[in-house]
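Asks: Output the structure for:
(chains A, B and C)
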Amino acid sequence: MAPVLEVQNLTTHYETLRGWVRAVDDVSFSVEKGEALGIAGESGSGKSTVALSLLRILPRGGRIRKGRILFEGTDLASLSNEEMRKIRWKGISIVFQGAMNAFNPVFKVGDQIIEAIQIHEPKTDKKAALDRARNLLELVGVEPDRVDNYPHEFSGGMRQRALIAMALAANPKLLIADEPGTALDVIVQAQTLKLMRELKDRLGLSMVMISHDLSIIAETCEKVAIMYAGRIVEYGDAEGIFKEPLHPYTQGLVKAFPSIKGERIRLTSIPGSPPDLLDPPSGCRFNPRCPFVMDVCHKVVPPLAPPGKGTHLVACHLYGEGRK
Amino acid sequence: MGLRGYILKRFAYTIFLVLFVIIVNWLIFQAMPGVQGAIAALQGNPRSTPKQYQFYQDIYGLNKPPLDRFITYFWSMLTFSFGNSYQTQHPVINDVAHTGRLFNTLLLVGASTVLAILLGLVIGVIVSARRGSSVDSFSVTASLTTFSLPTFWMGIMLITFFATVLNWFPQGNTVPFDWGSNGIPPWPQYLLTRLQYLTLPLVTLTLFQYGGYLLLTRATMLETLSEDYITTARAKGLKERAVLYKHALKNASLPIVTASALAFGTVLGGAIITETVFNWDGLGLYLFNAIQNKDFPVMQAMFYILALSVIAANFLSDLIYGILDPRIRYE
Amino acid sequence: MKASGETNLRFNLRRTYKFLKVLLSNRMAALGVIMLIIAIGAALVAPVLYPGNPQLVKVSGDFAQPGWVAYFPDGYYLSNNMVVVSDPSFANPSALQEWSYNYPQAQGAFLSFAWSPSTPVGPPSGSLQITSNASSSLGVTVSKVFHYPYHGPPSKFQLRAFQIDAQGASVNQPVQVSLFLTRGTEKTYTFWSTNVTNSNQWISPRYLLDSDADQFKLAGGLQPGEPLSLSAAIFSQVNDYTLGVSIHFSGPGRVNLTNLGLVADGTSFGLLGTDSQGSDLFAEVLHGARISLFVGLVSAFLGISLGLIVGLIAGYKTGLTDEALMRFTDMMLVLPALPLLLVLITVLGQNIFNIIILIGFLGWMGFARVIRSQVLSLKVRPFIEAARAAGAGTGRILKVHIFPNVVSLTYVNLALAVPAAILTEAALSFLGLGDPTLISWGQIISNAQAANALKDWWWIIPPGIGIAFVSLTFVLIGYALDEMFNPRLRRRR
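Replies: Model prediction:
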């Protein structure tokens, strides 16, 4: 069966006064039906830009310069604005961080959900849409009568749930979750994640989950893509990557989080900071921070390819020989 | 607290502001040199009645203790009995309300404000969506330029070009002179003629205001458009126009509501200048003539009325804000 | 200590330099700075080029158009100032050569012409002395031919107050004198003619020899109520004109005459023409830059300083002080500014310092609110709390930690307050409530309106452009600074 979403060589840059910021370079991945893909990386690694590129809602100056986004066989990158508008929310919808201002503060929560329904199903009358909004709130565990409330009358956790309810309003096939639950307290965050897992199983949703937090991804996703400075450095099934990270960056990242299994190991951070994407290092973008840097790393961009060992793909010259 | 509590609180504050204006108005005119002389002159004026003389004596005269005078004054302000104008010899309140002056000013200020806000909002929204484009730079530069032009000069230029050279519009005045003697024409002609007389002052006062609204709309729209909920609205598949005019504009309009109320005092200043240039028979011209002739009762009454209208505008904007922004009711 | 002072200075210089560099890289700001330099240049150059008050100096005809209009088709009928006689008071003996002398050939031997120091007013002027020894009557004409090159008449012309002193004149032997102007050879206008019968006494016309004076018009042959002006009647064409005086001796005698001259005021002058008083408008407009800049800068500075102080205190102090200051600010905000200004200036008197102070005092409220909200957000930042924990006092925190963080806002608002003040001053002057002793742009336009000369574009347009130019200067700089400093408007870099 064809994957729901297949991204090929996606390249998204931002135009600024000083030049092009290469936020996402040559990124490819795919999501099968009912599958969850996690995209992990530090802030500024381009993971959110990937999410915005999928929906083509990039901020000013952002542009998809190359690549294809095949959603159910259609290339979203080549659609007209009007055709793309119809894919949004009905085909692919997105859940933003609940702590953010993702709800418009001057409209009632219910009206914002109804709006999402009516955009894509104009024939639905207000009464039916309201009923559906109430059901959606109930589905995510919010009191249905809160449809008449304004966003600021919700707690952070409730707002996150309502955002999930709104994301489901047009029955999307693919749900993107951008840092869900982040900036909420741990308990609410755990509840949110639990809700998302339940919904995924219940509704058979495909999901792309974006987070800087490996443990969240490990809990939720079958497949993982690790991004660094706009590129995917390691990609494959979650268990394999977390058990045996191959890329030096992934290794650093895994060490920087408490072990998922609860083993007591020393947490370390990766020295250095992410590169300036206006003028990224040549070759492997991780080379200035990599403990195993070699000459070739400065010259050649390592391809994302199967290494000699393990089950997933990695973009690192360390595993170059095994490939041959 | 709810909307009602919020309104009550703002209303109480409004009363407080009115009291402040009454006191300021009192202090200014107590210090006004020449008031005493003017009262003395009134005594010698055969046209003034003893009652009239008594009225000013009670407010400005020095033969009573200040507190007594203040109480008389305070009561006259509350009851809008400002005495008679030195020039017209009519009660000031009649000159204001029953001669068409109030209507003329309301027409000019109201129409130009509505026009300026509409123009400023629409163009502001359009250019904020195309930041950095040539349309954007052009309208920003144009606004900054109209912003820098002196209003009276703009009015004179309009008169010179459209009235003197092209002869499309009259050079000034509110209505034709011969209406006084020949009577007022039937309504279609009446309306057209009035519109013809209104056009140039209206354009002047609209230009005076519109640049500010455009720049403010553009700035608040740019800020609003970078908010997360705008990204959400786009992601939902809303049409760009709905994103701009429904989601962004409602938020961006909040600071505009506040700013337009605060700017109302400035607009009244612009109205005084515009009415003077165009000889438009409104409150501004009335005040200007009063100042020229040191007509103290009119000056005092006009300052009070203009300040009251600014306070009223602020109260109105508080109400609109309360209705537009659900958050304010719960603070 | 000294070394640290030096590095401080160097640091500040470097910072200023960098700031200017960034500022000038913004197109709007660069334009604004260039305009500012021009405006300041005009203000500095004005008193050097035109010392004194140019409104008190008449330089040409009233309502004269700019000189360069003559180069356009519309300017065909314009004329310039013209001085016909270079030494009308005979200050130097060489003045005699300016004139030509006509008399019957045969009588030439009886006549002599000489320069004399005799004069009714004293040196440096002198007079022309004509002596006749002829026993019979003898006529002499002293005249000067000049070319009038303009297609239109002068705005007006004036003759010197001609003076003559006849020795030996008596009732029996009067000396006939007439002052005349001839156009070509066709038409002669006699402005004054008299029989001098008193000896040894300076005599002069009893009326003003001015083309606008009624009696002079009559003398020039214009009927009362004639719509044509005398100057238009006389200088009706490009032609040679003769100015002269004819003297008729009845017998031997001697006359001294002086103050023989004609000046025509043009209908065009200089760069920007003249106003209703014939004063140079270019000089007035140049002087106007001084007042606009002065009022704009000083009152903006005053208002911004007040706003800064109130805002800093209200933002930093909490409770009653803050509440009282903010309520006061709100109250001041509802007072309509221009009406209040009009009334207060009537109360306090129309002079420049009242205007500056009042504009300043009515212009601090908006900025005080901006500063207060900025301070409110600053003072909960960790670095302020750290400073307080380290024992810094209120004054030090305000000075060292808060003030530097609101400086950029201050620049922005200062730049934007200047045009507001300039426009307010212009409006006041236009409404007749400016300082009457100083020339400001608003006053120039107000004068034009008072003179009913709104159609005189050369009078109306330049001061308006002046106001707009100087306001736009600061608006551009302020707007550019706002884009640089205001994080909400800052562009992505």
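Asks: what's the pLDDT at residue 156?
Replies: Assuming you mean chain A. We note a pLDDT of 83 for residue A:156 in this prediction.
Asks: my bad, the chain I had in mind was chain B
Replies: 92.
Asks: neighbours around it, how many?
Replies: 23 (other Cβ atoms under 10 Å in any protein chain shown). Where you see a C-beta, it was placed from the backbone N, CA and C, and this is true even at glycine.
Asks: contacting residues around it?
Replies: Counting by Cβ atoms under 8 Å, 6 or more residues apart in numbering or on different chains, residue B:156 touches B:277, C:445, C:449, C:454, C:460, C:464.
Asks: Now, of those, which are buried?
Replies: Using 16 or more other Cβ atoms under 10 Å in any protein chain shown as the burial test, these include B:277, C:445, C:449, C:454, C:460, C:464 as buried.
Asks: And the closest residue to chain C within the stretch 201-324 of chain A, how close does it get to residue C:25?
Replies: Distance from chain C to each residue of the stretch 201-324 of chain A (Cβ to the nearest Cβ) is smallest for residue A:278, at 9.9 Å. Applying Cβ to Cβ, to the nearest Å, the value for residue A:278 to residue C:25 is 18 Å.
Asks: Residue C:116 and residue C:129 touch, don't they?
Replies: Yes: with contacts counted by Cβ atoms under 8 Å, residue C:116 reaches residue C:129, the gap being 4.0 Å.
Asks: Of these two, give the one with the bigger neighbour count.
Replies: Taking other Cβ under 10 Å, residue C:116 and residue C:129 do not tie; residue C:129 has more neighbours (21 against 18).
Asks: Tell me what that one is bridged to.
Replies: With DSSP bridges as the criterion, residue C:129 is bridged to residue C:114, residue C:256.
Asks: For it, give its distance to residue C:160.
Replies: From residue C:129 over to residue C:160 the distance is 18 Å, taken as Cβ to Cβ.
Asks: Between residue A:278 and residue C:25, which is the more surrounded one?
Replies: Between residue A:278 and residue C:25, counted using other Cβ under 10 Å, residue A:278 has the larger neighbour count: 14 against 11.
Asks: pretty sure that one is in a strand, no?
Replies: No: remark: residue A:278 does not belong to a strand; assigned using DSSP: H, G, I helix; E, B strand; the rest coil, it is coil.
Asks: now it: how far from residue A:230?
Replies: Per Cβ to Cβ, residue A:278 is found 11 Å from residue A:230.
Asks: Need the residues touching each of these two.
Replies: Taking Cβ under 8 Å, 6+ apart as the contact rule, residue A:278 and residue A:230 both touch residue A:22.
Asks: Is residue C:265 bridged to anything, and to what?
Replies: Bridge pairing for residue C:265 (DSSP bridges) gives the partners residue C:156.
Asks: burial count for it?
Replies: Other residues near residue C:265 come to 25 when the count uses other Cβ under 10 Å.
Asks: Next up, the contacts around it.
Replies: C:60-62, C:64, C:81, C:154-158, C:278.
Asks: Pull the most distant pair out of these.
Replies: The span of the contacts of residue C:265, defined through Cβ to Cβ, is set by C:64 and C:158 at 15.0 Å.
Asks: circling back to that earlier point, okay but the residue of the stretch 201-324 of chain A closest to chain C is in contact with residue A:21, surely?
Replies: Yes: Residue A:278 lies in contact with residue A:21 (Cβ under 8 Å); the separation is 5.5 Å.
Asks: quick one: least confident of the contacts of residue B:156?
Replies: Scoring the contacts of residue B:156 by pLDDT puts residue C:454 last, at 81.
Asks: pretty sure residue B:294 is in a strand, no?
Replies: No: under the criterion used here (three-state DSSP), residue B:294 is coil, not part of a strand.
Asks: That one: neighbour count?
Replies: Around residue B:294 sit 17 other residues, with neighbours defined as other Cβ under 10 Å.
Asks: hang on, the earlier thing: okay, and the common contacts of residue C:116 and residue C:129?
Replies: Residues touching both residue C:116 and residue C:129 (Cβ under 8 Å, 6+ apart): residue C:256.
Asks: hmm, back to that, among the buried ones among the contacts of residue B:156, which are in strands?
Replies: Among these, DSSP state E puts none in strands.
Asks: Which residue does chain B have closest to chain C?
Replies: Proximity of chain B to chain C (Cβ to the nearest Cβ) peaks at residue B:269, 2.9 Å away.
Asks: which other residues reach stretch C:375-382?
Replies: For stretch C:375-382, contacts defined as Cβ under 8 Å, 6+ apart pick out C:311-312, C:314-316, C:384, C:401-402, C:405-406.
Asks: Out of those, which are close to chain B?
Replies: Among the contacts of stretch C:375-382, none lies close to chain B by the criterion of Cβ under 8 Å from any Cβ of the partner chain.
Asks: Look up which helix or strand residue A:67 falls in, please.
Replies: Using DSSP states H and E, residue A:67 falls within strand A:62-71.
Asks: Output the contacting helices and strands for that strand.
Replies: Judged by 3 or more Cβ pairs under 8 Å, 6 or more residues apart in numbering or on different chains; DSSP states H and E, strand A:62-71 is in contact with strand A:5-16, strand A:19-31, helix A:47-55.
Asks: so which of these gets nearest residue A:250?
Replies: helix A:47-55 (14.1 Å).
Asks: Give me the contacts around that closest one.
Replies: Helix A:47-55 is contacted by residues A:5, A:7, A:10, A:12, A:23-24, A:27, A:39-41, A:58-59, A:62, A:64, A:69, A:71, A:76, A:88, A:92, A:94, A:176, A:178-179, A:208, A:210, A:212, A:227, A:230, B:231, B:234-235 when judged by Cβ under 8 Å, 6+ apart.
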